[in-house]
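Participant: Pasting the sequence and the predicted coordinates here, then a few questions.
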Amino acid sequence: MARLAPKKPSESEMSTVRLMMPTDANVLGNVFGGAIMRYMDEIAAIVAWRHAGINCVTASIDRMNFYAPVYVGNLLILKATVNYVGTTSMEIGVRIEALDPTTRKGAQTGSCYLTYVGLDNKGRPTPIPKLLLTTKEERKRFKQALARRKLREAGDAVLRER
């Protein structure tokens with residue numbers, strides 16, 4: 001049961017850099033939102049797996065915000081961390097940035113929150129390690145993620161009533 005020992009968010013967080021290529025973009029050189037979402041889901045899945053130590057799957061994507069365009073030739077910088085852990089699920093936050101390697105100008109271009117569920121070897125949800133919150137920022141993110149979770153649950157209840 002060592003895998004259920006609480007873990008600090010820093011034990012699982014990741015960042016990665018990808019060069020945006022023509023295959024990621026439309027004919028005008030704007031990177032497709034779907035390409036960015038794929039890379040975002042990929043890094044979030046790695047963070048979830050590192051935290052849980054078991055197979056984790058995407059359960060939901062809670063709002064994808066694009067603040068600025070990303071272009072072919074930009075470096076796409078993705079930073080992901082665990083914000084919240086329930087019993088079998090967790091929220092991973094991803095910050096998306098773009099950097100022009102020539103001018104060295106960069107900006108945050110997006111953000112997203114994803115929910116992952118840990119699965120046992122039969123494909124059923126299973127308990128995952130809790131979060132060990134040690135900083136003020138981690139406690140703030142946890143509290144904000146808990147509020148988002150409650151909003152999602154309320155929204156889900158309304159949809160089930162239809």
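Facilitator: In hand now; what should we look at?
Participant: State the helix or strand in which Met40 lies.
Facilitator: If you go by DSSP states H and E, Met40 is part of helix 33-52.
Participant: Check the offset of whichever helix or strand comes after that helix from the chain's centre.
Facilitator: Using DSSP H and E, the helix or strand that follows helix 33-52 towards the C-terminus is strand 56-66. Chain-centre distance of strand 56-66: 7 Å, with Cα atoms, centre = their mean, to the nearest Å.
Participant: which helices and strands does the next helix or strand after strand 56-66 pack with?
Facilitator: Sequence order places strand 75-85 as the next helix or strand after strand 56-66, per DSSP H and E. Strand 75-85 sits against strand 14-19, helix 33-52, strand 89-99, strand 106-118, helix 136-161, with contacts defined as 3 or more Cβ pairs under 8 Å, 6 or more residues apart in numbering; DSSP states H and E. The C-beta positions use only the backbone N, C-alpha and C, and glycine is treated the same way.
Participant: switch the cut-off to 6 Å
Facilitator: Strand 75-85 is packed against strand 14-19, helix 33-52, strand 89-99, helix 136-161, with contacts defined by 3 or more Cβ pairs under 6 Å, 6 or more residues apart in numbering; DSSP states H and E.
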